[in-house]
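K.L.:
Structure here, sequence nowhere to be found:
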């Protein structure tokens, strides 16, 4: 890949020394018949070949020199605006993420192209063009990969963002407008079988791993829920019974890992959340953007629909995630009871088939409609400081590492980073 210095040298060699205004005047003189191409080029200081191309029609007046622009200037402005928006809402982009979003814009313009042409050259030129609007900050070593402890600075910054959003949109006393979504995972196991052991040692039960399924739930600070989103691993179960037996109005999808991907999150937000969410706006949606990566189309639609997106800081779910704090453990206990496994040694494994999963989930998810579930959700929002908004002082217990620090199926490996994108100081920010 070309280096920044190499590109700068090329730019210095090929930089044009004439203006479009001079080219326009020269073109007018030639078309009026007052000058020849050679005379007009000499008088106005423009290249004779370039003027000749415009006179003959091979090049349209006003066309930019150099190779064709990969994404338009208006789309590049949209990309900058998008990066600044997510940075101000708790999710600063890395270089890889921004190039990925730019590639999605490119593919949207060139639907027949199988892959994007955006690479290191485009990135370096983009940085140079937008150096007044964005700034590149080196990634903090403590933020790379999976941190060992929750950082107090990350919590302070999150509550600063949240308080700014709540005050700006007058949401301090509107629990029905403050929503939180998160996914819980279920590891399915084959039916327990009793296998013979060596003589004199009895028998043992071997569940065996089978499928991984995620369920995305979304509730507000008043305890009102949106029907769940069930994501299967690899493929849907055979037949349609998983839909007819599952929770009412639930949405279904699948991914290779059984986790919510960027495309699935877009599907959930556009076709499910906006359908069942209150029509009165604005709404605040708090979620883990690091597990469910943001999509450019999601941000565009959210801003049009009056939905403010705020991302939780990474690895803070056990401190800031209301649904993890009480509702999800309760749903899993109900799920185990319905399977007759309430006293099983390992409640993270559930002996249920992929086809029958949604039927059991329907009974367990009913707790979100009951007084106990609503009370737990309200209390969890309060304990996490999300509603009523309260940045209480976190002690050493809150700053302990998350219990779920191991990699989940579908998790990306630790990313680099050259840094994250954020707004540059000054009016342009």
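P.N.:
Yes, it's here. None of these values were measured; they are calculated from a predicted model. Numbering: from 1, shown residues only.

K.L.:
so what's residue 284 bridging to?
P.N.:
residue 178, residue 308 (DSSP bridges).

K.L.:
and it, how many neighbours does it have?
P.N.:
Neighbourhood size, residue 284 [other Cβ atoms under 10 Å]: 22. Placement of C-beta: from N, CA and C, glycine included.

K.L.:
again with residue 70
P.N.:
Neighbours of residue 70 (other Cβ under 10 Å): 21.

K.L.:
Adjust the sequence numbering to begin at 427 for everything that follows.
P.N.:
I'll keep to 427 as the first residue from here, and by that count the last item is residue 496.

K.L.:
So for it, what's the pLDDT?
P.N.:
If you check residue 496, the pLDDT there is 77.

K.L.:
three-state assignment of it?
P.N.:
coil (DSSP: H, G, I helix; E, B strand; the rest coil).

K.L.:
is it true that it touches residue 545?
P.N.:
No. The pair residue 496 / residue 545 is not scored as a contact, 9.8 Å apart, by Cβ atoms under 8 Å.

K.L.:
Residue 515 versus the residue nearest the centre of the chain, what's the distance?
P.N.:
Centrality entry for the chain: nearest residue to the mean C-alpha point is residue 720, 1.7 Å, by Cα atoms, centre = their mean. Going from residue 720 to residue 515 by Cβ to Cβ, to the nearest Å gives 9 Å.

K.L.:
Now list whatever residues contact both of these two.
P.N.:
735, 737 (Cβ atoms under 8 Å, 6 or more residues apart in numbering).

K.L.:
Residue 707: which element?
P.N.:
Residue 707 is part of no helix or strand when elements are defined by DSSP states H and E.

K.L.:
That should have said residue 583, apologies.
P.N.:
helix 578-594.

K.L.:
Just the mean pLDDT for that helix, thanks.
P.N.:
Average pLDDT, helix 578-594: 90.

K.L.:
Mind listing what's buried along that helix?
P.N.:
Applying a neighbour-count criterion of 16 or more other Cβ atoms under 10 Å, one finds 580-581, 584-585, 587-588, 591-592 buried in helix 578-594.

K.L.:
As CSV, those residues with distance to residue 761 would be great.
P.N.:
Shown next, in CSV, are those (distance: Cβ to Cβ, whole Å):
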residue, distance to residue 761
580, 32
581, 31
584, 31
585, 33
587, 34
588, 32
591, 34
592, 34
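
K.L.:
Which members of those residues are the farthest-apart pair?
P.N.:
Using Cβ to Cβ, the pair of the buried residues of helix 578-594 lying farthest apart is 580 and 592, separated by 18.6 Å.

K.L.:
Name the spans of the stretch 727-855 of the chain whose pLDDT lies under the cut-off.
P.N.:
768-774, 818-855 (pLDDT under 70).

K.L.:
which residues in it form helices?
P.N.:
743-746, 748, 754-764, 783-791, 797-809 (DSSP state H, counting those that start in this stretch).

K.L.:
just checking, what packs against the fourth one?
P.N.:
Taking 3 or more Cβ pairs under 8 Å, 6 or more residues apart in numbering; DSSP states H and E as contact, the helices and strands that helix 783-791 lies on are strand 635-646, strand 651-659, helix 667-670, helix 754-764.

K.L.:
tell me which residues in the shortest one are buried?
P.N.:
By 16+ other Cβ under 10 Å, the buried positions in helix 667-670 come out as residue 668.

K.L.:
do the last one as well
P.N.:
Along helix 754-764, these residues count as buried under the neighbour rule (16+ other Cβ under 10 Å): 754, 756-758, 760-762, 764.

K.L.:
Name the nearest of those relative to residue 475.
P.N.:
residue 754 (68.9 Å).

K.L.:
Look up how far residue 530 lies from that closest one.
P.N.:
In terms of Cβ to Cβ, residue 754 sits 32 Å off from residue 530.

K.L.:
can you pull out the strands in this structure?
P.N.:
For the chain, strands defined by DSSP state E occupy the ranges 519-520, 560-563, 604-615, 619-622, 629-632, 635-646, 651-659, 677-681, 709-713, 733-737, 775-776, 846-849.

K.L.:
out of those, nearest to residue 443?
P.N.:
Of all the strands of the chain, strand 560-563 comes closest under Cβ to Cβ, at 29.4 Å.

K.L.:
and the closest one, which strands flank it?
P.N.:
Partners of strand 560-563 in its sheet, by DSSP bridges: strand 846-849 (antiparallel).

K.L.:
How many neighbouring residues does the residue lying closest to residue 556 once chain neighbours are set aside have?
P.N.:
Excluding the flanking residues, the one nearest residue 556 by Cβ to Cβ, 6 or more residues apart in numbering is residue 506, at 5.6 Å. Close neighbours of residue 506, defined as other Cβ under 10 Å, add up to 19.

K.L.:
And residue 721, by the same measure?
P.N.:
Count around residue 721 with other Cβ under 10 Å applied: 20.

K.L.:
Does it touch residue 686 like I think?
P.N.:
No. If you go by Cβ under 8 Å, residue 721 and residue 686 don't touch, sitting 11.5 Å apart.

K.L.:
what about residue 520, distance to residue 558?
P.N.:
From residue 520 to residue 558 the distance is 21 Å (Cβ to Cβ).

K.L.:
Which of the two has more residues huddled nearby?
P.N.:
residue 520 (17 against 11).

K.L.:
hang on, residue 644 packs against residue 610?
P.N.:
No. Counting by Cβ under 8 Å, residue 644 stays clear of residue 610, with 11.9 Å between them.

K.L.:
how close does the residue nearest to the centre of the chain get to residue 786?
P.N.:
32 Å.

K.L.:
Between residue 644 and residue 610, point out the one with more neighbours.
P.N.:
Shown here are residue 644 and residue 610; by other Cβ under 10 Å, residue 644 has more neighbours (24 against 18).

K.L.:
Report the beta-bridge partners for that one.
P.N.:
Beta-bridge partners, per DSSP bridges, of residue 644: residue 607, residue 652.

K.L.:
which residues does it contact?
P.N.:
605-607, 651-652, 699, 711.

K.L.:
what are the ranges of the helices in the stretch 427-576 of the chain?
P.N.:
Under DSSP H, counting those that start in this stretch, the stretch 427-576 of the chain gives helices at 430-440, 446-458, 463-470, 474-482, 499-514, 521-535, 546-555.

K.L.:
Just the mean pLDDT for the shortest one, thanks.
P.N.:
Per-residue pLDDT values over helix 463-470 give a mean of 92.
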